[in-house]
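Chemist: Sequence and predicted structure below; questions after.
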Amino acid sequence: MIYLRILFVAAIACGAYTLGARAGRGRYRFIKKNPKKAWNTRGVRAARKTTTAGSRKLTRAITR
């Protein structure tokens, strides 16, 4: 009788893990997609350009 209970609990745990893993994959893809969108917005592109230009200017000043 106790073995049947253990088997039942193990089956429930495996099923819950499988369903959670599938839901987790979709959520992971959703989270992964949003930073890519933000990275390519107009404001972020302008900030990247300004930062890159500034760092190049400082690098030239330091190496001379």
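Modeler: Great, that's in hand. Being a predicted model, the structure only gives us computed values, none of them experimental. Numbers count the residues shown, from 1 in each chain.
Chemist: By neighbour count, which bits of the helix or strand harbouring Ala38 are buried? Give me those.
Modeler: Using DSSP states H and E, Ala38 maps to helix 2-39. Within helix 2-39, not a single residue qualifies as buried, counting by 16 or more other CB atoms under 10 Å. Glycine gets a C-beta too; all of them are placed from N, C-alpha and C.
Chemist: what do you get for stretch 57-64?
Modeler: Buried residues in stretch 57-64 (16+ other CB under 10 Å): none.
Chemist: on that earlier part again, return the list of helices and strands in contact with the helix holding Ala38.
Modeler: Based on contacts counted as 3 or more CB pairs under 8 Å, 6 or more residues apart in numbering; DSSP states H and E, there is no element that helix 2-39 packs against.
Chemist: mean confidence for that helix?
Modeler: What helix 2-39 shows for mean pLDDT is 78.
Chemist: Show me what secondary structure element comes after that helix.
Modeler: helix 42-63.
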